[in-house]
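Need a 3D model of the following:
(2 chains)
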Number of protein chains: 2
Amino acid sequence: MAGAKDGGLRRLSCDDNDKIARDWFADEVKALGCKYEVDKIGSQWATMEGENNDIPPIGVGSHLDSVQSGGKFDGPLGVFTGLEVLKVLKESGKKTYAPISVINWTNEEGARFPPGCMSSAVWSHQLSLDYALSCTDTADRTRTIGSELQRIGYAGPKDVSYKTNPLSAHFEIHIEQGTRLEEAGLDVGVVDGGQGMRWYDVSLRGVTRHTDTTAMAGRQDALVGASKAVLEVERIGKAYGGMATVSLFKSAPQNFCNIPAEVDFSFSMQHPDAAVLAAMTDEIEAFIRATAKQSGLEVKSYENVWTFEPFKFHDEAVQCVEHAAKENGFSYKKLISHTGHDSIYTNFVVPTAMVFTPCKDGISHSPLEYASPKDCSVGAQVVLGAVLKYDDMLRERHG
Amino acid sequence: MAGAKDGGLRRLSCDDNDKIARDWFADEVKALGCKYEVDKIGSQWATMEGENNDIPPIGVGSHLDSVQSGGKFDGPLGVFTGLEVLKVLKESGKKTYAPISVINWTNEEGARFPPGCMSSAVWSHQLSLDYALSCTDTADRTRTIGSELQRIGYAGPKDVSYKTNPLSAHFEIHIEQGTRLEEAGLDVGVVDGGQGMRWYDVSLRGVTRHTDTTAMAGRQDALVGASKAVLEVERIGKAYGGMATVSLFKSAPQNFCNIPAEVDFSFSMQHPDAAVLAAMTDEIEAFIRATAKQSGLEVKSYENVWTFEPFKFHDEAVQCVEHAAKENGFSYKKLISHTGHDSIYTNFVVPTAMVFTPCKDGISHSPLEYASPKDCSVGAQVVLGAVLKYDDMLRERHG
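Next up is the predicted model:
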C-alpha cells in the first residue's frame, strides 16, 4: 500500500488503498457480529442490534478516504470511534434501545471525484445517485466513481436513501482542523453549526502566441488573467474576514515558448454569514469578468459547483453532545465547523451533531496532521455519551 | 498521424509524427541523389556534391519539429526551402563550387525536450552531447531524448561537431513571427542579428493546509506567491519595452480543498540591449526572492536554463542575403530576430545569416500561423541567391 511521496496518507476514494481499508472495516464489523451492508454508492453500513429494531438506527459515521496526501485523522478518527462505540457496548454487555449503525461514507473528500460528501449528499436526497456515479476522476476524466466502485467490488445492492435506509440520528467526531480548541486549552468541541461555503470552477481562454516574438501590448495571456484572479480571491478572503482560496489550477499549453491560452481553476470562499458570503462571491465574479474583458479573455465557464449555506445542527443532537461532555467533566466550547462533513448532509434529514477534537497547530490535509491519543479518547467518550443520551430519548419516546 | 486537438500541427521532437516526417525527408533527399547521413543527435544531413568536395558544404537548415500545437511554417519552411534549392540546382544542371547540405536540425523547438536549438547547440560546441541526450520529456520525466531517438531509429553514427562535420556557412529561412514586414508591406526580411533572451526555471515551495479551515493570515500559499511573480514578469516586460512571459506553470497538489504548496514555473525575458535585459532579469529575481520571503515560501530553485546574448549575424553572410534580395528586385529591410533559431548557434562557428518571410498577423506557434505561397517563394529565391553568392565567394577564395 503506497502512501504519498511526502509521507502522507494517500487513500483516494475507490483506489486500491481504499479497497484495503474497506476490506479491513468489513472484517472488523463482521467479527463484532454486526449486520454488514454496502449501498449502491459503496458506503459501508455496520449495524449492531438494539432492543427495538423496528426503529431506525442511531448512526455514527465518517470516512476512511483521504486527500492526495493527507493525515491519519481526517476521516478515519470518526470511523474508528464508531467501531470503539460498538466494541465498548459489546464488551460491557450493554444493549441499546435503538440499533447502532457505524457508517463509512464513500468519498467524503471529493479529492479524486468532486464533489465531496458525495454519498451523504445522495443519501439525504441533495444529489442524484446517477449524477454522483457519473462524476469523473480529476486526474483521468475517463474514469467515473461508478466504474471505480465496480472495479474494487464496492458497488453494493442497498438503496442510497434516508427514506428506505433511514437513521434516527447521526453523530460524527472529527479533528477540528483549526486552532480554536488548542488555543483555548479545551478538551473537546461541541459543534453546533457551520459556516457557509461556495465552490466555483472557472475556465479562462486567451490566445496562444510565441513568447519571444509577440509584443506585450494586446496579448491575450490566460495565465496573467488567472493570476489576477488568484490574488483577488485572496484579497477578498482577508478583506471580509472569511476564507478564500484558489486550489485546483491548470494552465495550457505547457510549452516553454508559448503564451498560455487556457487556465482552468477552482476556488472556494467561506464565511459564517450568508449575506457576507454572497457579497464575497459577487465581488470576485464581477472582478473576474471585468478582468477577462480588459485582457481579451473569454470566460468560457463560470460554474458554482458546490454550495453549503451557513447552518445550525439539530438542537437535541447538540444537547446530547454537550450533555456527554459535561457528564464526563470535560472542558468544552460550542463552535462552528469551517468545512464540509457528511454530517452537514445528514443534518438535512435527521437530527445530527458533531464532536471536535483538538489537533496540533490546526493542521489537516497534510502529513503533519496530529491529534493526541488522549484527545481522541476524550472525543470518543463524548460520542459514546451522546449516542447513549440520544438512545435514552428514543426509549422514552418509543418504549 | 494525429494532429493537435485544435487543428494545429503536433510534431514534437522524436515522437511518432516526427519519425514520419524524418522518413519522408530521407526518401526525398535520396531520390535527389544526395549523400544522406544522420548524426548522434538525430539531425539529418543531405549533401549534394559540388565541384570541390574538399571544402565544407554550404548549409541550408531548419527544423521539422513543432510545438504541442503549432503551424505548418515555423521550421518546415526552412527545410522545404533547402529541398527546393537542391531541386532547382539539379533541374537546372547547375553545379555549385562547394557542396550544399540541407539539414533537418533535431529539436529546435525544445517543446518536449527543453532546451530548444538542442542539436545546433551541440554541433557548435555550446552544449555537450551527453547532457543533451539526457534531457527529459516535460510530460514524462522518465523519457530522455536519447531514448526516444533510439526508439524511432534516429540515433545515427555521425559526430555532432562543427569540427569533424563542418560547414562553410549556414543560411536559414523562417517566418518572421512578428508584424514588422507585414506592416511595412515588404517582400522579405534580411536578418542581421537578434535580441538577447534569458530563460529561467523557478520552484516555489509553501505549505499545504485545508482550504476551509486555515485562517488567511500566515498562509504559505505557493500559488499566491507565483501569481505575484506572473504579474511582475509581465509588468517588467512592458516597463522596459522588451518581452517577458511566464509559460510553463504547474501547481500542486491538484486537490479541491488543499492550499497549493508547490508551484514550478518557467519564464523568459527578451531585449535587444544586453544591459537592459540584465536589469530586467535582476529586477524579477529580486522581486521573486523578496515576495517568497514575505510569504513564507522557499525558493527551492531558481535556475537560468538558457541564455542568448544579443548578437549580430556574420557580415558577409548578411551581405549575401541582401545581395540576393536586391538582385531579384524584392523590397526588404534589415531586422533582428526576436527568438531563437538554429542559425544563432551556427553563427558561433560559421558565417550565418537568415531570411524572414512575412507571416499573417505575426502569428506563430498556433494553428493560425500562415505565410502566403508568394511570400514563401520570394523567400526561397532569396535563399537560393544567397547560397549562390556565398558559393561564388568560396570559388574566388579557393578555386
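
contacts and neighbour counts: CA atoms only from here.
Will do.

Okay, the residue in the stretch 1-150 of chain A that chain B sits nearest to and residue A:305: tell me how far apart.
Evaluated by Cα to the nearest Cα, the stretch 1-150 of chain A has residue A:111 as its residue closest to chain B, separated by 5.4 Å. In this structure, residue A:111 and residue A:305 are separated by 14 Å, where distance is defined by Cα to Cα, to the nearest Å.

Which positions are bridged to residue A:175 in the beta structure?
The bridge-partner assignment for residue A:175, based on DSSP bridges, gives residue A:357.

Quick check on the spatially closest residue to residue A:270 that is not a sequence neighbour: phi, psi?
Nearest in space to residue A:270, with sequence neighbours left out and distances taken as Cα to Cα, 6 or more residues apart in numbering or on different chains, is residue A:197 at 4.3 Å. Residue A:197 adopts backbone torsions of phi -150, psi 150, taken as degrees, to the nearest 10.

Tell me how many other residues surround residue A:197.
Using other Cα atoms under 10 Å in any protein chain shown as the criterion, residue A:197 is surrounded by 27 other residues.

For whichever residue of the stretch 151-300 of chain A sits closest to chain B, give me its contacts.
For the stretch 151-300 of chain A, the nearest residue to chain B under the criterion Cα to the nearest Cα is residue A:227, separated by 4.6 Å. For residue A:227, the residues meeting the contact criterion (Cα atoms under 8 Å, 6 or more residues apart in numbering or on different chains) are B:224, B:227-228, B:230-231.

ok and the host helix or strand of it relative to helix B:222-239, angle-wise?
Assigned by DSSP states H and E, residue A:227 belongs to helix A:222-239. Taking axes from the mean of the first three to the mean of the last three Cα atoms, to 10 degrees, one finds that helix A:222-239 is oriented at 120 degrees with respect to helix B:222-239.

Just the buried residues of helix A:222-239, please?
Applying a neighbour-count criterion of 16 or more other Cα atoms under 10 Å in any protein chain shown, the buried positions in helix A:222-239 are A:222-237.

ok, back up a step: out of residue A:111 and residue A:305, which sits in the busier spot?
Between residue A:111 and residue A:305, counted using other Cα under 10 Å, the more crowded position is residue A:111 (24 against 14).

Please name the residues that touch the more buried one.
Counting by Cα under 8 Å, 6+ apart, the residues that residue A:111 touches are A:12-13, A:66-68, B:255-257.

If we use 6 Å, what do you get?
Shown here is residue A:111, whose contacts under the criterion Cα atoms under 6 Å, 6 or more residues apart in numbering or on different chains are A:67, B:255.

For chain A, which segments count as helices?
Counting by DSSP state H, chain A has these helices, from start to end: A:16-31, A:76-92, A:118-123, A:129-133, A:145-152, A:180-184, A:222-239, A:274-294, A:315-327, A:342-349, A:373-398.

Now tabulate those in TSV and tack on distance to residue B:49 and mean pLDDT.
As requested, these are arranged in TSV below (distance: least, Cα to Cα, whole Å; pLDDT from 0 to 100):
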stretch	distance to residue B:49	mean pLDDT
helix A:16-31	63	98
helix A:76-92	76	97
helix A:118-123	72	98
helix A:129-133	68	97
helix A:145-152	63	98
helix A:180-184	83	96
helix A:222-239	50	98
helix A:274-294	57	98
helix A:315-327	92	98
helix A:342-349	78	97
helix A:373-398	83	97
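
most packed of those helices?
Using mean count of other Cα atoms under 10 Å in any protein chain shown, the stretch among those with the largest mean neighbour count is helix A:118-123, at a mean of 26.

pLDDT wise, what is the residue nearest to residue A:270 at?
Residue A:197 carries a pLDDT value of 93.

Could you do residue A:213 as well?
Residue-level pLDDT assigned to residue A:213 equals 89.

next one: the one 5 residues further on
Reading off the per-residue confidence, residue A:218 sits at a pLDDT of 91.

so what's it up against?
For residue A:218, no residue meets the contact criterion (Cα under 6 Å, 6+ apart).

Can you measure across stretch A:55-67, start residue to end residue?
The stretch stretch A:55-67 measures 35 Å between its terminal residues, going by Cα to Cα.

Can you tell me how far residue A:276 is from residue B:288?
Residue A:276 is 34 Å from residue B:288, by Cα to Cα.

just to revisit the earlier point, for the residue nearest to residue A:270, give the beta-bridge partners.
Counting by DSSP bridges, the residues bridging with residue A:197 are residue A:270, residue A:308.

What parts of the stretch 51-200 of chain A come near chain B?
Among all residues of the stretch 51-200 of chain A, those adjacent to chain B (criterion: Cα under 6 Å from any Cα of the partner chain) are A:111, A:177-178.

which of the residues you listed lies closest to residue A:208?
Using Cα to Cα, residue A:111 comes nearest to residue A:208 of these, at 30.3 Å.

tell me the domain boundaries of chain A?
Domains of chain A are assigned by automatic domain parsing as A:16-195+A:310-398, A:196-308.

and of these, who's closest to residue B:365?
Proximity to residue B:365 (Cα to Cα) singles out domain A:196-308 among the domains of chain A, at 5.6 Å.

Quote the end-to-end distance of the closest one.
Where domain A:196-308 starts and where it finishes are 5 Å apart, if you go by Cα to Cα.

How about the contacts made by the residue located most distally from the centre of chain A?
Ranking residues of chain A by C-alpha distance from their mean position (Cα atoms, centre = their mean) puts residue A:213 at the top, at 47.0 Å. When contacts are counted by Cα under 6 Å, 6+ apart, residue A:213 touches B:177-178, B:338.

returning to what we had before: give the contact list for the residue nearest to residue A:270.
So, once contact is read as Cα under 6 Å, 6+ apart, residue A:197 ends up touching A:269-270, A:307-308.

Let me know how buried residue A:169 is, in neighbour terms.
By the measure other Cα under 10 Å, the count of residues near residue A:169 is 25.

Touching, residue A:47 and residue A:34? I think so.
Yes. With contact defined as Cα atoms under 6 Å, residue A:47 counts as touching residue A:34 (5.1 Å).

okay, the two: which has more neighbours?
Neighbours per residue (other Cα under 10 Å) separate residue A:47 from residue A:34, with residue A:47 holding more: 23 against 19.

which strand residues sit across from the more buried one in the sheet?
According to DSSP bridges, residue A:35, residue A:101 are recorded as the beta-bridge partners of residue A:47.

Any figure for the gap between it and residue B:157?
Per Cα to Cα, residue A:47 is found 72 Å from residue B:157.

Ok, residue A:308 next?
Between residue A:308 and residue B:157 the distance is 65 Å, computed by Cα to Cα.

Check residue A:359 too.
Relative to residue B:157, residue A:359 is positioned 63 Å away (criterion: Cα to Cα).

the more surrounded of the two?
Just comparing residue A:359 and residue B:157: by other Cα under 10 Å the higher neighbour count belongs to residue A:359, 24 against 12.

Skipping its backbone neighbours, what lies nearest that one in space?
Skipping the residues right next to it in sequence, residue A:359 comes nearest to residue A:371 by Cα to Cα, 6+ apart, at 4.5 Å.

check contacts around residue A:321.
residue A:386.

residue contacts, residue A:386?
Listed by Cα under 6 Å, 6+ apart, the contact partners of residue A:386 are A:320-321, A:324.

The nearest residue to residue A:349 once chain neighbours are set aside: how many residues sit nearby?
Counting by Cα to Cα, 6+ apart, residue A:349 lies nearest to residue A:124, which is 6.2 Å off, once chain neighbours are set aside. Burial measure for residue A:124: 22 neighbouring residues, criterion other Cα under 10 Å.
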